[in-house]
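> Here is a sequence with its predicted model. Questions after.
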Amino acid sequence: MQNDPTRQNTGAPPAPPQGGAPMGGAPGRPPMQNNTNNRDPDDWKSRVEVISGIPNDEKPLGPKSTVDDLHIDELLGIIVDMNCSDLHICQASPPVVRHDGKIKRLNYDQFIPENIQRIMYEIITDDQIQRFETSNELDFSYSLPIPFHLRVPGGPVARARFRVNLYRDKGSCAAAFRLISSKIPTVEELKLPLVLKSLTEKPRGLILVTGPTGSGKSTSLAAMIHHINLNYAHHIITIEDPIEYLHEHKLSVINQRELGMDTKSFGNALRASLREDPDILLVGEMRDVETIQLAITAAETGHLVFATLHTNNAAESVDRMIDVFPPGQQEQIRVQLSNNLVAIISQQLLAHSSGKGRVPANEIMVASPAIRNLIREAKTHQITSMIQTSANMGMFTMDQCLRDLYLKGWVSLEDIMSRCTNVEELKKMLATTGGMQVSTGTGQIKR
């Protein structure tokens with residue numbers, strides 16, 4: 001079987017917040033539990049959660065299933081049925097899933113290295129096997145096929161798609177599968193700020209979506225590109241590693257290029273894209289100096305460019321882009337960035353207070369004249385203060401967003417305190433809105 005042979009857009013899990021990882025990522029991991037110092041060293045054994053893999057199954061677990069003749073499609077079918085976000089397979093462990101942000105083990109025997117290599121090599125090409133054995137890492141996408149006897153003539157042939165990373169773990173193969181929703185969600189369905197829709201209407205410039213790995217950056221970008229596709233006639237080129245959401249041609253024409261399959265590198269694809277008559281470019285990740293320079297140049301030459309960075313807030317994102325360049329180029333890049341940046345959207349995912357699904361928390365920075373001036377004069381440390389006082393332009397900080405999510409009852413107080421940038425500032429904001437009281441003597445939080 002070849003990997004992702006059809007690229008069909010089928011098999012969507014439920015939309016948020018009804019379970020799974022609504023933003024295409026698992027993150028929003030539960031906070032670490034306190035008071036663990038006095039636990040028995042073997043206490044973890046009683047707390048390992050093992051599940052059958054059958055939705056809403058409350059019957060006692062039966063005998064463990066064997067992995068000797070297992071095909072990966074069996075496990076991926078469980079992921080789709082249970083609306084999990086991730087599957088992990090590694091030696092000396094049964095299959096592991098992430099369900100509503102929590103790690104759970106399936107009721108199977110433990111893998112041995114030979115099992116994993118057989119399972120993974122069955123779904124990749126000879127060329128991919130060679131690339132993996134050379135670099136010990138491989139990114140690719142995979143489509144879970146619909147069984148032949150269940151297919152409808154003229155209908156889809158794939159049930160769901162997965163982003164896969166194959167890697168080495170103590171000399172053995174290991175892999176992580178991330179479920180990709182085949183239905184591209186809207187900005188409203190994801191509960192993202194509506195200002196994101198107005199940002200897509202900009203004629204040119206650079207829009208960054210930032211956040212830690214698995215924070216839903218790809219899904220937010222997909223929702224923005226989908227909005228453009230439904231409302232405007234543009235030529236859009238995406239460069240991804242691998243392709244996650246599959247876009248159909250609607251009002252816009254969308255060409256999606258995958259690293260390794262369609263192009264050698266982000267830099268090569270970006271350079272070539274400037275000769276392909278694009279209106280809009282999406283860069284899956286800005287990993288190096290060349291890609292960042294080309295993205296800024298593309299924005300400067302009249303294109304609207306979307307890109308991602310693994311940074312936590314707007315100020316950090318600006319510094320990261322400038323600091324990767326040699327000192328002699330940084331002043332020039334600072335000026336280019338100040339002139340061409342449109343907005344920075346920082347994002348993280350928190351567990352929904354209902355215990356099901358995830359909720360996005362965002363920081364929005366729009367490049368106003370005052371923000372551009374701060375970037376130009378290397379005063380990025382003042383960007384957060386400027387965002388706080390620019391609500392009339394659709395801006396807000398991560399801490400302001402966390403406060404609002406808590407007041408809506410969507411997330412817990414404990415979660416926002418563990419995810420905020422400035423704990424004391426967040427306490428003051430909550431106190432002024434009646435969301436909490438802080439004992440001045442102890443600093444303890446009272447609801």
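Done, it's in.

> My read is that F140 contacts I124, right?
Yes - using CB atoms under 8 Å, F140 is in contact with I124, at 6.5 Å. C-betas here are computed from N, CA, C, even on glycine.

> The two: who's more crowded?
For F140 versus I124, the count of surrounding residues by other CB atoms under 10 Å is larger for F140: 24 against 20.

> partner residues bridging the residue nearest to A367 when sequence neighbours are not counted?
Leaving aside its sequence neighbours, A367 sits nearest to L341 (CB to CB, 6 or more residues apart in numbering; 4.5 Å). On the basis of DSSP bridges, L341 is bridged to L206.

> neighbours around the residue lying closest to G284 once chain neighbours are set aside, how many?
Closest residue in space to G284, ignoring its immediate chain neighbours: E240 at 4.0 Å, by CB to CB, 6+ apart. Neighbour count of E240, defined by other CB under 10 Å: 24.

> Would you check how far apart E240 and A272 are?
Counting by CB to CB, to the nearest Å, the gap from E240 to A272 is 15 Å.

> Show me the residue at the heart of the protein, geometrically.
For the chain, the residue nearest the mean C-alpha position is G216 (2.9 Å; CA atoms, centre = their mean).

> From L350, how far out is that one?
For G216 relative to L350 (CB to CB), the value is 11 Å.

> which residues do the two both contact?
Common neighbours of G216 and L350 are listed as R358 (criterion: CB atoms under 8 Å, 6 or more residues apart in numbering).

> can I assume the residue nearest to G284 is in contact with E258?
Yes - counting by CB under 8 Å, E258 is a contact partner of E240 at 5.9 Å.

> Quick one: the helices in the stretch 101-250 of the chain, in order.
113-121, 126-135, 195-199, 217-231 (DSSP state H, counting those that start in this stretch).

> Can you tell me which of the ones you listed is most buried?
helix 217-231 (a mean of 22; mean count of other CB atoms under 10 Å).

> so what does that one touch, helix or strand wise?
Packing partners of helix 217-231 (3 or more CB pairs under 8 Å, 6 or more residues apart in numbering; DSSP states H and E): helix 195-199, strand 205-210, strand 235-240, strand 280-283, strand 304-309, strand 341-351.

> Same list (the ones you listed) but as JSON lines, adding distance to R105 and mean pLDDT.
Below are those laid out as JSON lines (distance: least, CB to CB, whole Å; pLDDT from 0 to 100):
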{"stretch": "helix 195-199", "distance to R105": "37", "mean pLDDT": "95"}
{"stretch": "strand 205-210", "distance to R105": "33", "mean pLDDT": "98"}
{"stretch": "strand 235-240", "distance to R105": "31", "mean pLDDT": "96"}
{"stretch": "strand 280-283", "distance to R105": "36", "mean pLDDT": "97"}
{"stretch": "strand 304-309", "distance to R105": "32", "mean pLDDT": "97"}
{"stretch": "strand 341-351", "distance to R105": "20", "mean pLDDT": "96"}
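
> my read: D109 touches L70, true?
No - counting by CB under 8 Å, D109 sits too far from L70 to count as a contact (9.1 Å).

> the more surrounded of those two?
L70 (18 against 15).

> I'd say the more buried one and I119 touch.
Yes - here L70 reaches I119: they are 6.5 Å apart, a contact under CB under 8 Å.

> So what's the residue count around the residue nearest to E276 when sequence neighbours are not counted?
Excluding its sequence neighbours, the residue lying closest to E276 (CB to CB, 6+ apart) is I237, at 6.2 Å. The local packing of I237 (other CB under 10 Å) involves 23 other residues.

> for Y232, same thing?
The criterion is other CB under 10 Å. On that basis, Y232 has 15 neighbouring residues.

> Residue ranges in this protein under the pLDDT threshold?
Low-confidence segments of the chain, defined by pLDDT under 70: 1-47, 56-62, 434-447.

> Please state the offset of stretch 360-371 from the chain centre?
Here stretch 360-371 shows a centroid-to-chain-centroid distance of 19 Å under the convention CA atoms, centre = their mean, to the nearest Å.

> now do the same end-to-end measure for stretch 55-71.
One end of stretch 55-71 to the other measures 20 Å (CA to CA, to the nearest Å).

> can you list the domain ranges for this protein.
Following automatic domain parsing, one finds the domains of the chain at 45-180, 195-396.

> How about residues contacting the helix or strand encompassing I383?
Assigned by DSSP states H and E, I383 belongs to helix 383-388. Here helix 383-388 makes contact (CB under 8 Å, 6+ apart) with 313-315, 318, 363-365, 368, 370-371, 374-375, 395-397, 400, 421.

> which among those end up buried?
Among the contacts of helix 383-388, those scoring as buried are 313-315, 318, 363-365, 371, 374-375, 395-397, 400 (criterion: 16 or more other CB atoms under 10 Å).

> Need these in JSON lines (columns: distance to Q382 and secondary structure).
Below are the buried ones among the contacts of helix 383-388 laid out as JSON lines (distance: CB to CB, whole Å; DSSP: H, G, I helix; E, B strand; the rest coil):
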{"residue": "N313", "distance to Q382": "13", "secondary structure": "coil"}
{"residue": "A314", "distance to Q382": "11", "secondary structure": "helix"}
{"residue": "A315", "distance to Q382": "8", "secondary structure": "helix"}
{"residue": "V318", "distance to Q382": "11", "secondary structure": "helix"}
{"residue": "E363", "distance to Q382": "15", "secondary structure": "strand"}
{"residue": "I364", "distance to Q382": "17", "secondary structure": "strand"}
{"residue": "M365", "distance to Q382": "12", "secondary structure": "strand"}
{"residue": "I371", "distance to Q382": "9", "secondary structure": "helix"}
{"residue": "L374", "distance to Q382": "5", "secondary structure": "helix"}
{"residue": "I375", "distance to Q382": "10", "secondary structure": "helix"}
{"residue": "M395", "distance to Q382": "14", "secondary structure": "coil"}
{"residue": "F396", "distance to Q382": "16", "secondary structure": "strand"}
{"residue": "T397", "distance to Q382": "13", "secondary structure": "coil"}
{"residue": "Q400", "distance to Q382": "17", "secondary structure": "helix"}
